[in-house]
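Undergrad: need a structure here:
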Amino acid sequence: MTWSGKNEVVQEPIGREAMEAMLKSVGASFTVRRVPKGGMVFWPGEPDGNHYYIVEGAVECFKLDRAGRKKVIDRYGAGMYLGYHILRDDCMPMSTMQCEEDSVLLAIPKESFFRLLHGCPEFTDRTIRYLFGLLSMQTNEVLNQSFFATAQRVPMLLSELAAECEPAEDGAVVLPYGNTEIADMLGVSRNSVTSVMSRLASQGVIAKQRGAILVLDAERLADIAQREQE
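TA: Residues are numbered from 1 along each chain as shown. As a prediction, this is how the structure comes out:
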């Protein structure tokens, strides 16, 4: 669900049994929350006093500006945590969390979250590493926005995504994203992404499929991405 460069901790999802064992070890409470596809977990303007662990499903974190433009911050799958807005005194989310498919989550109240943080070293370690990774990711994105144009950032992102996927026997890599999703990840217009995609397709590096991008030559794409950064 996530894409490359976001966070090393998301590569180490923790199972539900282990998560519940950590909660029980410090006497922390939780409730099971079922959210249908398209349902909101939380959103800006509405305080939410829970931290969340995803048992199953997929959740997208995004932000909308006043014009309705969307910037995807990250995507989360089973075994991952979300909801660090509870570190704020007012528990006010700064982004929206929406389920991309039917999902089951453990809702951990703020008091229980801090019990975990203070009483379970494993959870504390994961939380610190995750937040550091998030800070690093956001710093890199700000720098990329400052230094590189959309024409440069698209192949850079596609190369990162392809590097995380297992190639098929013919060496091709299928990325389950359309132009809109890529635009949302980068926080740019769909038209600008479509223009770059057309250029890469004309070079024989990628091909478009329904709801997906087929990377035909991951090595060449990586070379293009590297040149764009030089």
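Undergrad: what is the mean pLDDT for stretch 80-88?
TA: Stretch 80-88 comes out with an average pLDDT of 92.
Undergrad: what do you get for stretch 26-34?
TA: For stretch 26-34, the mean per-residue pLDDT is 96.
Undergrad: just the buried residues of it, please?
TA: The neighbour-count check on stretch 26-34 (16 or more other Cβ atoms under 10 Å) flags 28, 30 as buried. For glycine as for every other residue, the C-beta is placed from the backbone atoms N, C-alpha and C.
Undergrad: just the element for the residue positioned nearest the centre of the chain, please.
TA: Nearest residue to the geometric centre of the chain (Cα atoms, centre = their mean): residue 74, 2.1 Å. Residue 74 is part of strand 70-77, with elements assigned from DSSP states H and E.
Undergrad: partners of the helix or strand just after that strand, with directions?
TA: Sequence-wise, the next helix or strand downstream of strand 70-77 (DSSP H and E) is strand 81-82. Strand pairing for strand 81-82, using DSSP bridges, gives strand 50-56 (antiparallel).
Undergrad: secondary structure element for residue 213?
TA: If you go by DSSP H and E, residue 213 is part of strand 212-215.
Undergrad: surely the residue nearest to the centre of the chain touches residue 63?
TA: No - using Cβ atoms under 8 Å, residue 74 is not in contact with residue 63, being 11.0 Å away.
Undergrad: give me the below-cutoff pLDDT ranges for this structure.
TA: For the chain, residues meeting the criterion pLDDT under 70 lie at 1-12, 228-230.
Undergrad: would you map the helices across it?
TA: For the chain, applying DSSP state H gives helices covering 16-25, 110-119, 121-147, 150-163, 179-186, 190-202, 218-229.
Undergrad: adding mean neighbour count and distance to residue 84, write those helices out as JSON lines.
TA: Converted to JSON lines, the helices of the chain look like this (neighbours: other Cβ atoms under 10 Å; distance: least, Cβ to Cβ, whole Å):
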{"stretch": "helix 16-25", "mean neighbour count": "15", "distance to residue 84": "16"}
{"stretch": "helix 110-119", "mean neighbour count": "17", "distance to residue 84": "9"}
{"stretch": "helix 121-147", "mean neighbour count": "14", "distance to residue 84": "7"}
{"stretch": "helix 150-163", "mean neighbour count": "21", "distance to residue 84": "23"}
{"stretch": "helix 179-186", "mean neighbour count": "20", "distance to residue 84": "20"}
{"stretch": "helix 190-202", "mean neighbour count": "16", "distance to residue 84": "29"}
{"stretch": "helix 218-229", "mean neighbour count": "16", "distance to residue 84": "30"}
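Undergrad: wait, which of those helices is closest to residue 79?
TA: Shortest separation from residue 79 across these is recorded for helix 16-25, at 7.9 Å, computed as Cβ to Cβ.
Undergrad: give me the residues contacting the closest one.
TA: By Cβ atoms under 8 Å, 6 or more residues apart in numbering, the surrounding residues in contact with helix 16-25 are 28-30, 53, 55, 79, 106, 108, 112, 116, 119-120, 122-123.
Undergrad: before I go, just wanted to say thanks for your time.
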